[in-house]
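> Quick one, what's the 3D model for this:
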Amino acid sequence: MTARFLIFPGLFFLLLGLLIKVLPGIPFLGRLPGDIVIKKDNFLFVFPLTSSLLLSLLLSLIFKFLKK
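Next up is the predicted model:
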């Protein structure tokens, strides 16, 4: 149980990292409605609120199904 609890999330994050590396122009990450972006002259602040909520929901569903 413990090994599976660590292996599946690790593989998920590995695949997610590779996907982001291969497809850097994923149009929805950090650019959803509700994500906060502040651009000034030499300053860029990005707070991906909606993206974080969706990622949290996705991970919660994955962990819920892995727990069964």
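> Please count neighbours and contacts with C-alpha atoms only from this point.
Will do.
> where does Leu32 fall, helix, sheet strand or coil?
Secondary structure state of Leu32, per DSSP: H, G, I helix; E, B strand; the rest coil, is coil.
> need the contact list for it.
Shown in contact with Leu32 (CA atoms under 8 Å, 6 or more residues apart in numbering): Pro48, Thr50, Ser51.
> Mind jotting down where the strands sit in this structure?
Read by DSSP state E, the chain holds these strands, from start to end of the chain: 36-39, 44-47.
> To Arg4, which of those strands lies closest?
Nearest to Arg4 among the strands of the chain is strand 44-47 (32.1 Å), distances taken as CA to CA.
> which residues sit against the closest one?
Under the criterion CA under 8 Å, 6+ apart, residues Gly30, Asp35, Ile36, Val37, Ile38, Lys39 lie in contact with strand 44-47.
> Paired strands for that strand, with orientation please.
strand 36-39 (antiparallel) (DSSP bridges).
> CA atoms only for the partner strand - export them in PDB, please.
Once non-C-alpha atoms are left out, strand 36-39 reads as follows in PDB (Å, rounded to 0.1, in the frame of the first residue of the first chain):
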ATOM      1  CA  ILE A  36      -4.200  36.800 -11.700                       C
ATOM      2  CA  VAL A  37      -1.500  38.300 -13.900                       C
ATOM      3  CA  ILE A  38       0.000  41.700 -13.100                       C
ATOM      4  CA  LYS A  39       2.400  43.200 -15.700                       C
END
